Structure formats: C-alpha cells, structure tokens
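1. The amino acid sequence is not available; the structure is as follows:
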C-alpha cells in the first residue's frame, strides 16, 4: 500500500506541475513498497525537505536560477537511504 500511495502522490505532482519525470515517480513507488504504509509519510516529507534544501543551496550559490530544473531523483534516493539506516 505504501508503494501505491507514493506512486500516486508523485504521479499527481508530475502530471500537474511537470516538474519531475516518470523515473522519479517509479522510484518513489518502488521505495514505498519497501517502506510500507507506516513510513511512507516520513519518506515523502524527508524527500521534499531534501529537495528544498538542495534547491535553496543551488539558488544561494547562483548555480541555478529560479526557473531552472534540477534532478530530484538523488533527493529521493538519499531520503530513502536515510530512512533505511535510521528507522529500520
């Protein structure tokens, strides 16, 4: 069920904003399968906080502009690794 929740949420964000690709959606769904329903909310919050942190650092360091895209997949992966190490 965690995979369905993660896939659905990331899919909706991907379709309506166009800000992330389908690879990010599939990776979030696969990670949700491993985490389950108990940890999926922590995973989603952690991945978006990681993305916000990376985005802020890129904006402050002037490496990206406000309208530029950056890869979100590494943020998803680092969040999953963090949760696997600390919570499981």
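-> Sure, I can see it. The model shown is predicted, which means the values in this text are computed figures rather than measured ones. Residues are numbered from 1 along each chain as shown.

2. going forward, measure contacts and count neighbours with C-alpha atoms only.
-> Fine.

3. Contact partners for residue 53?
-> The contact partners of residue 53, by CA atoms under 8 Å, 6 or more residues apart in numbering, come to none.

4. Tell me how far it lies from residue 44.
-> 14 Å (CA to CA, to the nearest Å).

5. got it, and residue 5?
-> Spatial separation of residue 5 from residue 44 under the definition CA to CA is 10 Å.

6. And residue 75, by the same measure?
-> For residue 75, the distance to residue 44 - CA to CA - is 11 Å.

7. does the residue sitting furthest away from the middle of the chain sit in a helix, a strand or a coil?
-> In terms of distance from the mean C-alpha position of the chain, residue 62 ranks first, at 22.7 Å (CA atoms, centre = their mean). What DSSP: H, G, I helix; E, B strand; the rest coil gives for residue 62 is coil.

8. quick one: it and residue 39, what's the gap?
-> Taking CA to CA, one finds residue 62 at 34 Å from residue 39.

9. Can you give me the buried ones in stretch 74-82?
-> Neighbour counts over stretch 74-82 (16 or more other CA atoms under 10 Å) mark 75, 76, 77, 79, 80 as buried.

10. List of residues touching it?
-> Taking CA under 8 Å, 6+ apart as the rule, stretch 74-82 contacts 24, 27, 28, 31, 43, 46, 47, 48, 50, 51.

11. which of the residues you listed lies closest to residue 85?
-> residue 43 (12.5 Å; CA to CA).

12. Just the element for that closest one, please.
-> helix 22-60 (DSSP states H and E).

13. Show me what counts as buried in that helix.
-> Buried residues in helix 22-60 (16+ other CA under 10 Å): 24-33, 35-37, 39-41, 43-44, 46-47, 50-51, 54-55.

14. Stretch 9-21 now?
-> 10, 11, 14, 20, 21.

15. From the chain's centroid, how far away is that stretch?
-> 11 Å (CA atoms, centre = their mean, to the nearest Å).

16. start the count at 272, not 1, going forward
-> With the count now opening at 272, the last piece we talked about shows up as stretch 280-292.

17. rewinding a little: out of the buried residues of stretch 345-353, who's nearest residue 340?
-> Distances from residue 340 to the buried residues of stretch 345-353, taken by CA to CA, are shortest for residue 346, at 13.3 Å.
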